[in-house]
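J.: Provided below are the primary sequence and the corresponding predicted coordinates.
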Amino acid sequence: MNILYYITHWEVGTAYKNIQFMKETFGGEIIKDNISKALKYIRKNKPEIIVVRGDGRQDYKLALRFKIPYILIENDVSSMRSDLNEEGIKEEKTKIENASAIIFTSEDHAEYCKKYNLPYYEIIYSRPLK
């Protein structure tokens with residue numbers, strides 16, 4: 001399967017652990033913090049799916065723009081941590097509800113997000129890469 005892992009703020013948080021594991025297991029290409037390189041990869045390689053991080057990132061918009069299904073790694077939920085304005089809530093809802101699947105890092109995150117129309121999801125706990 002042709003997978004693009006498009007990730008901004010690679011070193012922040014723990015989702016990179018899931019992404020590194022997924023790449024080693026399923027193959028694909030990781031592109032970090034480089035929208036130009038991601039656009040070139042999409043146009044040339046036409047990935048079947050894109051894996052993106054959630055929380056406050058807007059990486060999912062790349063998948064929506066090209067109508068490519070995406071897996072959202074939601075290692076944190078913005079509205080759970082801080083008060084979001086109406087626009088922030090709308091964006092969080094859009095990101096979650098348009099995902100083809102979500103990886104949560106805890107049951108609490110998944111339970112909290114049930115206020116949205118959740119797609120298929122799995123819980124994969126954070127732990128050391130090794």
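T.: The structure has been received and is ready for your questions.
J.: ranges for the strands of this structure?
T.: For the chain, strands defined by DSSP state E occupy the ranges 3-7, 29-32, 49-53, 70-74, 101-104, 120-123.
J.: Glu111 is nearest to which of the ones you listed?
T.: Ranking the strands of the chain by proximity to Glu111 (Cβ to Cβ) places strand 101-104 first, at 9.1 Å. No exception for glycine: its C-beta is placed from N, CA and C like everyone else's.
J.: which residue sits closest to Leu64, ignoring its sequence neighbours?
T.: Leaving aside its sequence neighbours, Leu64 sits nearest to Asn98 (Cβ to Cβ, 6 or more residues apart in numbering; 6.3 Å).
J.: residue contacts, the one you found?
T.: Applying Cβ atoms under 8 Å, 6 or more residues apart in numbering to Asn98 gives the contacts 60, 64, 70.
J.: mind putting those in JSON lines, distance to Asn34, neighbour count and pLDDT included?
T.: Converted to JSON lines, those look like this (distance: Cβ to Cβ, whole Å; neighbours: other Cβ atoms under 10 Å; pLDDT from 0 to 100):
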{"residue": "Tyr60", "distance to Asn34": "17", "neighbour count": "22", "pLDDT": "95"}
{"residue": "Leu64", "distance to Asn34": "19", "neighbour count": "14", "pLDDT": "96"}
{"residue": "Tyr70", "distance to Asn34": "18", "neighbour count": "25", "pLDDT": "97"}
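J.: Between those, which sits nearest Glu24?
T.: Closest approach to Glu24 among the contacts of Asn98 (Cβ to Cβ): Tyr70, at 19.7 Å.
J.: now the closest one: how far from Phe21?
T.: Separation of Tyr70 from Phe21 (Cβ to Cβ, to the nearest Å): 18 Å.
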